[in-house]
Structure formats: structure tokens, C-alpha cells
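Colleague: Got a predicted structure plus its sequence, pasted below:
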Amino acid sequence: MINVSVQPAPIDLPAELAAVEIKGAGGIASFIGTVRGDGGVTELTLEHYPGMTEGALIGLAEEAFARWGLLGVTIVHRVGAMVPGDHIVFIATAAPHRKEALESCAYLIDRLKTDAPFWKQEKRGGEAAWVEAKASDGAAAERWT
Amino acid sequence: MQLLYFAWVRERIGTGAETLDPPQAVRTVADLIDWLGGLSPGHAEAMREPAKLRAAIDQAFVPLDAELGHAKEVALFPPVTGG
């Protein structure tokens, strides 16, 4: 079962986690990305490419599903304006055993960072600045190839 | 051809979408970036450093030397920063 959502609404963590608790799963792994307030960030706005974003996330979920023999994958990504502490992204994978669940969850967040069309803009006081991509994100995604 | 712009590319051009008909000599994404740069001061500012741009043709990432072919939708944007 693959469940992908790109949404302005806050992520309902208990509901999303409950939905990925599939019968027969021996392990469920999850990752939650949150807005950091370091460097005086007061607001974070996520822009995305409607249509392509959902397609990219479904593609990644299908790859992980096949590669690790998963039973369930959920990817929920928030877009729009957020503040420090808010949850940006939730990923959960259900597998027969823990190794597949943990590895596929790490794979999905690493690949999401380089393969899905999202852009972050940080606000510090009144100043807005687009976040630049990090070379370390590219390296993290590459290690799975 | 439908052009889509995101993040600072959109801001510099002043719109997120426009429909344009590039001349036949525009064969690749890099050609398109070069051509767009001549359309207005905003386009020129957005296209000034092609090395900082990434592209998608019909909602699939492509390198800048990719042929446009019969592309319906071409998007230009900075490197992605989600997650």
C-alpha cells in the first residue's frame, strides 16, 4: 500500500502512523523532519511543482516498495508557510523485518531531498532568502545507487 | 510551449508561468535558457547563471543539454531543497 500526500495542512502523525500499521508487518520505521529555528529563522515557506511533486514521490515510494519488499509506504510532505518546530515531512515504511523497514525509510528521505521538486525559503525577521542545495544531500542520495 | 518557473527564477521573472513559442534554432534546454535571457530584464536576471539552474521537461528532471523535442511543458528552477 502506497500513500503519498503533498498538503498545506499540518501532518496528523498518529493517524498517518496508524494507517501504515499493516497486518503482517514485523517492523515499521518512520522519519519526521521538522523546521529548525537555528540562525534566527522565524518562518519557512515550502514551494513545490504541483503534479510533478506527487509523481516524483509516488515513483520513489514504488522503487522502495519493490527494492525492499515492503508492505506499506507513506510519504506526507507539507507545503506553504511553517514555523520552527512544525513537521515538514513524515515518512513511514512497513516491512516483514526491521532491516528492510529502517533501510527503506533512510533511502526515501535521502532521495526525496534530491529527487522531488520542493524549494525552501527562510525568513529571518523581515528578510527572505531561498535555501541553497547542499552537496552533502547529493552525496547522501548517491550512496543508494 | 508552457514555461513554468519556481523559487527565485519565478521571482526574478515576475511570473510563475507563461506560454511562449521559441524559434526553431532553440533545440535544447540550454538554448532555451539563452533565448529566454533576451526577453526582458527580469528574464535576463533569472537566466544569468545557467549553472545554477535545473530543468524538467514534461515533469521529468533533465540535464541542461537535453533536447526539447516535442515538449509541452518545460520548467526552470534552482536545485531542489525539500525534506
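Modeller: Good, I have the coordinates. Residues are numbered from 1 along each chain as shown, chains lettered A, B, ... in the order given.
Colleague: Is there a neighbour count for the closest residue to chain A within chain B? I'd like the number.
Modeller: Nearest residue of chain B to chain A: B:G82, at 2.7 Å (Cβ to the nearest Cβ). (Glycine included, C-beta is placed from N, CA and C.) B:G82: 28 surrounding residues under other Cβ atoms under 10 Å in any protein chain shown.
Colleague: what's the answer for A:W130, then?
Modeller: For A:W130, the neighbour count with other Cβ under 10 Å is 18.
Colleague: Show the contacting residues for the residue of chain A found nearest chain B.
Modeller: Across chain A, no residue is closer to chain B than A:F118, which sits at 2.7 Å (Cβ to the nearest Cβ). By Cβ atoms under 8 Å, 6 or more residues apart in numbering or on different chains, the contact set of A:F118 is A:46-48, A:53, A:77, A:79, B:80-83.
Colleague: now, which of these sits nearest A:G85?
Modeller: Of all the contacts of A:F118, A:L46 has the smallest distance to A:G85: 15.0 Å, by Cβ to Cβ.
Colleague: Now do the helix or strand containing B:W8: which elements does it pack against?
Modeller: Using DSSP states H and E, the element containing B:W8 is helix B:7-13. Of the remaining helices and strands, those touching helix B:7-13 by 3 or more Cβ pairs under 8 Å, 6 or more residues apart in numbering or on different chains; DSSP states H and E are helix B:41-46, strand B:73-77.
Colleague: Would the host helix or strand of A:A29 count as contacting chain B?
Modeller: Per DSSP H and E, A:A29 falls inside strand A:27-34. Yes: using Cβ under 8 Å from any Cβ of the partner chain, strand A:27-34 reaches chain B at A:G33.
Colleague: Next, the buried residues of that strand.
Modeller: A:27-33 (16 or more other Cβ atoms under 10 Å in any protein chain shown).
Colleague: so what pLDDT did the most far-flung residue of chain A relative to its centre get?
Modeller: Distance from the C-alpha centroid of chain A, by Cα atoms, centre = their mean, peaks at A:G126 (27.8 Å). On pLDDT, A:G126 comes in at 86.
Colleague: Show the model's pLDDT score for residue 62.
Modeller: Chain wasn't specified; assuming chain A. For A:E62, pLDDT reads 98.
Colleague: look at chain B instead
Modeller: 98.
Colleague: so it bridges to which residues?
Modeller: In this entry, B:V62 is beta-bridged to B:A55, by DSSP bridges.
Colleague: Contact partners for it?
Modeller: Neighbour list for B:V62: B:29, B:55-56 [criterion: Cβ under 8 Å, 6+ apart].
Colleague: now do B:A56
Modeller: For B:A56, the contacting residues are A:49, A:52, A:117, B:62, B:74-75, B:77, by Cβ under 8 Å, 6+ apart.
Colleague: how about JSON lines for these, with distance to B:P41 added?
Modeller: Shown next, in JSON lines, are the contacts of B:A56 (distance: Cβ to Cβ, whole Å):
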{"residue": "A:Y49", "distance to B:P41": "25"}
{"residue": "A:M52", "distance to B:P41": "28"}
{"residue": "A:P117", "distance to B:P41": "26"}
{"residue": "B:V62", "distance to B:P41": "27"}
{"residue": "B:V74", "distance to B:P41": "21"}
{"residue": "B:A75", "distance to B:P41": "21"}
{"residue": "B:F77", "distance to B:P41": "20"}
